[in-house]
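>>> Based on what follows, work out the 3D shape:
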Amino acid sequence: MRIILVTDAWEPQVNGVVRTLRRTVDECRLMGHEVEVISPYDGYFTFPLPTYPEIKLALFAKKDIRRRIEEFEPDAIHIATEGTIGQTARALCLKWNWPFTTSYHTQFPEYVHARFPFIPVSFGYAFMRRFHNSGGRMMVTTNSMRDELLAKGFRNISAWARGVDTELFHPDLRDVENGVYAGLQRPIFVNVGRIAVEKNMEGFLDLDLPGTKVVVGDGPQLEELKQKYPEAVFTGAKYDQELARHFADADVFVFPSRTDTFGLVNLEAMACGTPVASFPVPGPRDIIGTSEAGVFDEDLRAASLACLELDREKARAHAETFSWKACAEDFVKNLEVPPQPERRRFWKRLRRLGGKVRPRLPKRLRRSRRGNTNTPRPD
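Coordinates of the predicted model:
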């Protein structure tokens, strides 16, 4: 198929959303699909997202985005994020009555409320419902996230799991004596991620734990937390094999976030054989399940200590059940694709009209927006 992916989160950003989308695109191309990515980094005028400057929001991009979609003649359009690029693509799809899918990567309402307490969580969910319910299907990371969002009024939701690079993240990197934590008191409890208020890093650093607490990453709270928790070790951001070694050499990975919908770092820790301690929230609760690869508990300290007794081989074995190929296959199955003759006719007519008149795909060809289904529309 010819697939357009529209996203406000893309390289050179470094986060779980970008890693997921990048690997999905790569796997789709290996499967023979042609994928066009539209992002803020395609020459558009951008400005930094307040409080998260690594994310760039594009302005005045509508004309070019419309041109690129028309020239590419996609079979399917997926809008991955709710920023300005995503909003523009959504408006075009609605104008043409062209079906599209979306994905829910971050608990945006809680994220905004954590940074701006005067904005009610309910406002955020109203915005998110309006955005996602206008599409044919919304992909979410886990079944429990799907159930939670259905209860909040979202519709047509399908679970879209994630994968992990089990060659890069591997237990063989572990070296307790001479590894990256040599000289630090054991056990080593580590967290890897962006150091920002919505990640609840203080929920980890406040824990009364033996040994050493280590934070790997960068972010706006870094200097503040360094001052507040001088006994903790802050390594800064790490990448590739060096990052994998920080996972592998740790004894427990502690994940204090309550706003992530999945937490790709949990799988990366498990792939290195390091068990995960978390709160019982969507994402880590689904990843860990009954696997004995980690412990989730409202008492995060108790969960962290319990992980010291777990078998690291079980953590690795559980991570091996997650693959990027399966992730991409699920993504493709979940796409909304009109019947081939109709979509070819639509783009041909659009070219013939020279853009002066915008045809609309017949409504009968759009998936019903009512109810919930996990069955993809056949090509």
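>>> And stretch 297-312, how far out from the chain middle?
How far stretch 297-312 lies from its chain's middle: 25 Å, per CA atoms, centre = their mean, to the nearest Å.
>>> And that stretch, what's buried?
Neighbour-count burial for stretch 297-312, counted by 16 or more other CB atoms under 10 Å, picks out 300-301, 303-308, 310, 312. Placement of C-beta: from N, CA and C, glycine included.
>>> and that stretch, average pLDDT?
Taken as a whole, stretch 297-312 has a mean pLDDT of 98.
>>> Could you do stretch 51-70 as well?
The predicted model gives stretch 51-70 an average pLDDT of 89.
>>> cool, stretch 315-326 as well?
When pLDDT is averaged along stretch 315-326, the result is 94.
>>> List the contacts of that stretch.
Applying CB atoms under 8 Å, 6 or more residues apart in numbering, the contact partners of stretch 315-326 are 23-24, 26-27, 161-166, 169, 171, 267, 269-276, 291-294.
>>> so of those residues, which ones are in helices?
23-24, 26-27, 267, 269-271 (DSSP state H).
>>> Of the residues you listed, which is the nearest to Tyr229?
Compare each of the ones in helices among the contacts of stretch 315-326 with Tyr229 using CB to CB and the shortest gap goes to Ala269, at 21.0 Å.
>>> Quick check, pLDDT for that closest one.
According to the predicted model, the pLDDT of Ala269 comes to 97.
>>> Now for Gly273, how many residues are close by?
With neighbours defined by other CB atoms under 10 Å, the count for Gly273 comes to 25.
>>> and the gap between it and Thr46?
40 Å (CB to CB, to the nearest Å).
>>> got it, and Arg258?
Note on Arg258: its distance to Thr46, by CB to CB, is 30 Å.
>>> just to revisit the earlier point, which among the contacts of stretch 315-326 count as buried?
Buried residues within the contacts of stretch 315-326, defined by neighbour count using 16+ other CB under 10 Å: 23-24, 27, 161-166, 169, 171, 267, 269-276, 291, 293-294.
>>> thinking again about what came up before, any chance of the ones in helices among the contacts of stretch 315-326 in a markdown table with distance to Gln13 as columns?
Listed next are those as a markdown table, based on distance: CB to CB, whole Å:
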| residue | distance to Gln13 |
| --- | --- |
| Arg23 | 14 |
| Thr24 | 15 |
| Asp26 | 16 |
| Glu27 | 20 |
| Leu267 | 19 |
| Ala269 | 21 |
| Met270 | 24 |
| Ala271 | 22 |
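>>> The protein: strands as residue ranges?
Chain-ordered strands for the chain, with DSSP state E as the definition, fall at 2-6, 34-38, 45-49, 52-59, 76-79, 101-104, 137-140, 157-159, 188-192, 212-216, 233-236, 252-255, 276-278, 294-296.
>>> and the last one, which strands flank it?
It stands for strand 294-296. Partners of strand 294-296 in the sheet, by DSSP bridges, are strand 276-278 (parallel).
>>> circling back: can you tell me which of the ones in helices among the contacts of stretch 315-326 lies nearest to Gly211?
Using CB to CB, Ala269 is the member of the ones in helices among the contacts of stretch 315-326 that lies nearest Gly211, at 16.5 Å.
>>> Could I get the contacting residues of the nearest residue to that closest one once chain neighbours are set aside?
Across the structure, with CB to CB, 6 or more residues apart in numbering as the measure, the residue nearest Ala269 apart from its sequence neighbours is Phe253 (3.6 Å). Neighbouring residues of Phe253 by CB under 8 Å, 6+ apart: 189-192, 247, 265-266, 269-270, 274-277, 294.
>>> Thanks again, I'm all set now.
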